[in-house]
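> Sequence isn't available, so here's the structure alone:
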Ligand code: OOB
C-alpha cells in the first residue's frame, strides 16, 4: 500500500542516491539493533522515571513488536502513535520499526479532531496512546476514536487499560516474556524503500498532510546530520521539543543518537524547571530548541535561575532566530550555536560548527547533503538572481516526492520535475548560506508549532455562525506568532467573542495550540486584486490596532 500512496523517487534518482552511498538499503531497525548489540549494558534512554539500557529497550521492543503483530497490525500497516516525551516513545517507535509497521507520529497535544483524522486517513488498525497526560484522558479519547472509525481498530495504552472491553491493551507484556528476537522479528526483511515512519506536515492547506519517510531516506538524513555535528557513543542528547517532530527525532536527534550508541534524555516539557533538573543530573551535551524555548532558557540562565549546563552544541531551528537572541544564546550557554532550517518534508540546512560568527549568527545555513538540490525562484517561477528573494524549492535523497494519499495537493506543492515548493521566502547570503526572510504559505508559526490558517478558518466556518473567517498570524513577544481569528458577521448577526470561539474549538476536540488567542470582527475582509483575502493587509491593520493581544 505504501508504494502506491506516495509518489516514489524516479529510478534514475534512486540509482544515483545508491551509487553515492546516501541510501544503504538497510532498515532503521537493523541499524538500531546493531548499535544495541555492541553495548547492551549502556544506558540508551533516560526519562523522569527510568533509565533503560540498550539491552532492555531492544528486548522490550522485540516483545512489543510481536504483540503489535498479534493484535492485528500486519507488516506494511500503519499505527497511530501519540505519546509524550518518555522512554515509552522510544520503545514504541523501535517496536514498530522491528515489526515492519509504520508509526504515524502524532503530537501529544493533538486531540480527537486530529487523531480521528489520522486514524481514518492511514486506516490504522492500532492507536498507541498515553493514559492520562497533563490532565487529559488519552485512553478515553483513543477508545472513542477507535469506536468511531470504519476499520477494526484497537487501542494500546502506556499504562493500565481501565476497561475490560475488547480492544484496549497494555503496552507492557504482563508475562514479562523476552528473547523473541530469534524468531520472526528479522527487520532486515523490511524493504528499505518502504515507509519507515510518518511525520506530520505543518505548512499545508487544510488538515495536516503526512510525509512518508522511507528507511533509506530518513536514515541518511539523520546519519548526515550526525556526521556534521559529530554524534557518537559519548553523545548525550536532550529531547526538549516534542519527540514526534523531525528536528528532535532525526536532526540527528533521537534516532541519530541511538544508532551512534549515545544516550537520549527525554524532557517531558521544555519548562526551565524540568530542564534544570535534567541538565544537572544527566549533563547532556547536545540539545535542539526552537527560538521561543531558547529565549526562555536564556532569560532564566541570565537571571541565575537555571544552570547553563555543559552543552557542546545548542541547535536552534523551526522559526526565525533573531541575531541578538543568537548572540545571547551563544554567550550564556558558552557553546557552539547551530542554526537549523529544516522541514518534515525533508530538506535540512544548517550552519557548520566551524563557520565564522557572521554566518552562524545571521544565516540559517546550507543544505546538509551533496545530493540536495535547491532552487530560488521569482514570482514567475524562473530562477532568481543570486542574492534576490524568492521561493525555495528542494529536491534530493531525503526529500520525498509527494505527501501521503494527497494527489491534488501534491500537484500544487510539487513541480512536474519533482521539486518540493517549500513556501519559504529565502535569499542567498554572500557566504553561500540561506537566509529565511518570510513565507508564501498561509501558516501561523506559534513557537515553532505550525498551524494551517486554512484549517482554523474551516473550523470557524463549521462551528461558528459567521459569514466568513480569516486566521492571521500576529507577532507575539514570547512565541513569535499567535493565531488571530477575524470574523465577519452574518447579515444582521453578531460574532462570537474569544471565550465562545475557544469553547467551540475545544468542544470539537481541536488541539489547544491551534485555538485562536485573539478574535476580531470586521464587516468585510480586505481582498487582493485577484479576489483572495489580503492577509498581509489584515495583519498590518490588526498589528497597528492592538499589539499582540
Ligand atoms: C521544522 O520542521 P516543520 O516541518 O515543523 O516546519 C518547517 C517550516 C519551514 O518550511 C519554515 O517555514 C520553518 O518551518 N522553519 C524556519 C526555520 N526552520 C524551520 N523558519 C526560519 N528559520 C528556521 N531556522 O521546523 C524543522 C525540521 C527539522 C529541523 C529543524 C526544523
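Alright, I've got the coordinates. No experiment lies behind these values; they were computed from the predicted model shown. Residues are numbered from 1 along each chain as shown.
> could you say which helix or strand contains residue 79?
strand 78-82 (DSSP states H and E).
> For that strand, which strands pair with it and how are they oriented?
Using DSSP bridges, strand 78-82 pairs in its sheet with strand 102-105 (parallel), strand 126-130 (parallel).
> do stretch 250-263 and the ligand meet?
Yes - Stretch 250-263 reaches the ligand (CB under 6 Å from any ligand atom) through residue 251. For every residue, glycine as well, the C-beta is placed using N, CA and C.
> picking up where we left off before, give me the average confidence score over the strand holding residue 79.
Per-region confidence: strand 78-82 scores 98 on mean pLDDT.
> Which one, of the strands paired with strand 78-82, ends up nearest to residue 226?
Among the strands paired with strand 78-82, strand 102-105 comes nearest to residue 226, with 19.7 Å by CB to CB.
> Return the distance of the closest one from the chain's centre.
Put simply, strand 102-105 sits 12 Å off its chain's centre (CA atoms, centre = their mean, to the nearest Å).
> which residues sit against the helix or strand just after that strand?
Downstream of strand 102-105, the first helix or strand assigned by DSSP H and E is helix 112-122. Contacts of helix 112-122 with the rest of the structure, by CB atoms under 8 Å, 6 or more residues apart in numbering, involve 78, 80, 82, 104, 106-107, 110, 124, 127, 141-142, 144-146, 148-150, 153, 198, 207-208, 210, 404-405, 459, 508-511.
> again, but for stretch 25-44
With CB under 8 Å, 6+ apart as the test, stretch 25-44 has contacts from 18, 51-58, 90, 94, 97-98, 187-188, 190, 192, 196, 215-216, 218-219, 233, 255, 258-261, 263-264.
> again, only using 7 Å
For stretch 25-44, contacts defined as CB atoms under 7 Å, 6 or more residues apart in numbering pick out 51-55, 57-58, 94, 97-98, 187-188, 190, 192, 196, 215-216, 218-219, 233, 255, 258-261, 263-264.
> just how off-centre is the strand holding residue 79 within its chain?
Distance, centroid of strand 78-82 to centroid of chain: 14 Å (CA atoms, centre = their mean).
> give me the residue from the protein nearest the ligand.
Closest to the ligand within the chain is residue 342: 2.6 Å, counting by CB to the nearest ligand atom.
> quick one, what contacts that residue?
246-247, 251, 317, 348-349.
> Apply 8 Å and report the result again.
246-247, 251, 317-318, 348-350.
> I'd like the residues you listed as a markdown table, with pLDDT, secondary structure and neighbour count appended.
Shown next, in a markdown table, are the contacts of residue 342 (pLDDT from 0 to 100; DSSP: H, G, I helix; E, B strand; the rest coil; neighbours: other CB atoms under 10 Å):
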| residue | pLDDT | secondary structure | neighbour count |
| --- | --- | --- | --- |
| 246 | 98 | helix | 27 |
| 247 | 98 | helix | 25 |
| 251 | 98 | coil | 27 |
| 317 | 98 | strand | 28 |
| 318 | 97 | coil | 30 |
| 348 | 98 | strand | 28 |
| 349 | 99 | strand | 24 |
| 350 | 98 | strand | 25 |
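> and which of the residues you listed is nearest residue 368?
Of all the contacts of residue 342, residue 368 sits closest to residue 348, with 4.9 Å by CB to CB.
> looking at it, the closest one is touching residue 339, isn't it?
No - using CB atoms under 8 Å, residue 348 is not in contact with residue 339, being 11.3 Å away.
> Would you state the helices of the stretch 51-200 of the chain in chain order?
54-70, 87-99, 112-122, 138-148 (DSSP state H, counting those that start in this stretch).
> low-confidence ranges in the stretch 251-400 of the chain?
Across the stretch 251-400 of the chain, nothing is flagged by pLDDT under 70.
> Can you show me the helices along it?
Using DSSP H, counting those that start in this stretch, the helices of the stretch 251-400 of the chain run over 253-259, 272-282, 291-302, 323-333, 357-362.
> Would you mark the buried spots in the shortest one?
Buried residues in helix 357-362, counting neighbours by 16 or more other CB atoms under 10 Å, are found at 359-362.
> The ligand contacts on the protein?
Counting by CB under 6 Å from any ligand atom, the chain sits next to the ligand at 202-203, 246-247, 251, 317-320, 339-344, 348, 364, 422, 424, 436, 439, 450.
> and with 5 Å instead?
Residues of the chain found near the ligand (CB under 5 Å from any ligand atom) are 202, 246-247, 251, 317-318, 320, 340-344, 364, 424, 436.
> Torsion angles phi and psi at residue 444?
Backbone torsions of residue 444, given as degrees, to the nearest 10, read phi -110, psi 130.
> Pull the contacting residues for it.
By CB under 8 Å, 6+ apart, the neighbours of residue 444 are 450-451, 453, 456, 471-473, 481-483.
> Can you convert these into CSV and add a column each for neighbour count, pLDDT and secondary structure?
Converted to CSV, those look like this (neighbours: other CB atoms under 10 Å; pLDDT from 0 to 100; DSSP: H, G, I helix; E, B strand; the rest coil):
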residue, neighbour count, pLDDT, secondary structure
450, 23, 96, strand
451, 25, 96, strand
453, 21, 96, helix
456, 24, 96, helix
471, 26, 97, strand
472, 28, 97, strand
473, 22, 96, strand
481, 24, 96, strand
482, 21, 96, strand
483, 22, 97, strand
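> what would those residues look like in JSON lines with distance to residue 40?
Below are these laid out as JSON lines (distance: CB to CB, whole Å):
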{"residue": "450", "distance to residue 40": "39"}
{"residue": "451", "distance to residue 40": "43"}
{"residue": "453", "distance to residue 40": "49"}
{"residue": "456", "distance to residue 40": "48"}
{"residue": "471", "distance to residue 40": "51"}
{"residue": "472", "distance to residue 40": "53"}
{"residue": "473", "distance to residue 40": "48"}
{"residue": "481", "distance to residue 40": "46"}
{"residue": "482", "distance to residue 40": "48"}
{"residue": "483", "distance to residue 40": "48"}
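> now, the most widely separated pair of those residues?
Maximum distance among the contacts of residue 444 (CB to CB): 14.7 Å, for 450 and 472.
> For residue 14, what is the enclosing helix or strand?
For residue 14, the host element (DSSP H and E) is helix 11-19.
> cool, residue 541 as well?
Applying DSSP H and E as the criterion places residue 541 in helix 535-543.
> thinking again about what came up before, out of the contacts of residue 342, which is nearest to residue 296?
residue 318 (14.2 Å).
> Give me the nearest residue to that closest one, chain neighbours excluded.
Excluding the flanking residues, the one nearest residue 318 by CB to CB, 6 or more residues apart in numbering is residue 448, at 3.5 Å.
> ok, now residue 197?
Excluding its sequence neighbours, the residue lying closest to residue 197 (CB to CB, 6+ apart) is residue 103, at 5.1 Å.
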